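Asks: predicted coordinates and the sequence they were generated for:
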Amino acid sequence: MRHLLWIFGICHALVWAQPHHVERSLLERLSKEEKLAYTNLAIASGVLVWGFTQWGYGDEDFHFRNEGWFERKTSNGGSDKLGHFYTNYLVTRLLAPLYKSWGYSEHYAALYGALTAGMLSGVLIELGDGFSEHGFSREDFIADMLGVVAGYFFATMPSLAQKIDFRVEYNPFLQSDNVTDISTDYERMKHLLVLKAEGFEMFHNTLAQYLELHVGYYTRNFNHDTLPLEGRKRYLYVGIGINLSKLLAPYVGSYARLFNYFQLPYTDVSYKHAYE
């Protein structure tokens with residue numbers, strides 16, 4: 001649902017990033033400030049149009065909604081909060097290099113990427129929710145802002161990004177009674193923090209540089225609060241995986257960076273602990 005909006009935003013950004021060979025194209029004529037302004041205007045317009053037509057913005061008076069965090073009685077056991085964190089982290093990380101390619105310094109590119117994510121997701125969408133049946137969620141807003149901050153620091157600290165990733169895993173082969181869409185299908189998702197050996201000098205020039213340590217969290221049998229409380233489970237896990245980004249870079253080039261953000265299912269060995 002709400003995360004699908006960022007598909008529009010990212011696709012829009014990627015269109016701006018494509019090289020144009022037509023002399024004096026529209027992109028060439030625009031200044032970096034104009035590109036930034038039009039990008040944010042387009043995304044904000046998409047939020048508002050979609051919000052009023054699909055999410056019920058304006059249907060109710062403004063109100064707050066207490067959704068909780070990782071409790072068993074919550075809608076998704078906290079997986080949705082990690083989804084908010086990850087989405088804003090991802091958008092900030094994707095927009096920062098785009099803005100840098102337009103001529104902004106690394107600092108300002110990361111800052112404007114963070115502001116785009118934070119203002120348009122963390123503020124505009126949540127405020128819109130406040131005027132709908134969903135209500136303004138303080139928990140969602142906090143998770144949004146934490147993701148923005150993390151994205152900013154990772155965008156401005158390459159040495160940190162070489163050591164740590166935040167990723168999402170989606171396994172379409174798992175059974176799920178999902179009633180919404182892929183972006184909120186938490187029954188098939190895992191969110192994880194990854195510590196990469198390649199970022200540490202002691203592992204350079206050894207096979208260990210291809211290894212990763214995974215620490216993750218996921219929930220099952222919640223399905224947006226539609227399943228019985230008794231069967232709901234929350235899982236913490238640790239595992240060892242392969243750094244696919246580093247392993248595949250010689251063969252697919254920069255496309256391998258995709259695996260800094262997405263974890264392929266069945267590519268790690270893990271131990272999980274369930275919480276009822």
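Replies: Yep, that arrived.

Asks: any idea which helix or strand carries the one residue sitting closest to the centre of the chain?
Replies: In the chain, the centroid-proximal residue (C-alpha atoms, centre = their mean) is Thr87; its distance is 2.2 Å. Following DSSP states H and E, one finds Thr87 within helix 79-101.

Asks: one more: Gly239?
Replies: Using DSSP H and E, Gly239 maps to strand 233-242.

Asks: now do Phe70 against Tyr218, distance only.
Replies: 11 Å (C-beta to C-beta, to the nearest Å). (C-beta placed from N, C-alpha, C; glycine too.)

Asks: what touches both of the two?
Replies: Arg234 (C-beta atoms under 8 Å, 6 or more residues apart in numbering).

Asks: more neighbours: these two, which one.
Replies: Tyr218 (24 against 16; other C-beta atoms under 10 Å).

Asks: skipping its backbone neighbours, what lies nearest that one in space?
Replies: Nearest residue to Tyr218 in three dimensions, chain neighbours excluded: Lys190, at 4.1 Å (C-beta to C-beta, 6 or more residues apart in numbering).

Asks: hang on, the residue nearest to the centre of the chain packs against Gly122?
Replies: No - taking contacts as C-beta atoms under 8 Å, Thr87 lies outside contact range of Gly122: 10.0 Å.

Asks: neighbours around Trp69, how many?
Replies: Trp69: 11 neighbours (other C-beta under 10 Å).

Asks: cool, and the one 4 residues further on?
Replies: Lys73 sits with 10 neighbouring residues when counted by other C-beta under 10 Å.

Asks: cool, Glu212 as well?
Replies: Around Glu212 there are 23 residues (other C-beta under 10 Å).

Asks: ok, residues contacting the helix or strand containing it?
Replies: Here Glu212 is covered by strand 211-220, with elements defined by DSSP H and E. Here strand 211-220 makes contact (C-beta under 8 Å, 6+ apart) with 76-79, 82, 169, 186-187, 189-197, 203, 232-243, 263, 268, 270.

Asks: buried ones in it, by neighbour count?
Replies: Leu211, Glu212, His214, Gly216, Tyr217, Tyr218, Thr219, Arg220 (16 or more other C-beta atoms under 10 Å).

Asks: can you give me the helices for the stretch 51-200 of the chain?
Replies: Ranges of helices in the stretch 51-200 of the chain, per DSSP state H, counting those that start in this stretch, are 79-101, 106-117, 126-130, 138-156, 158-163.
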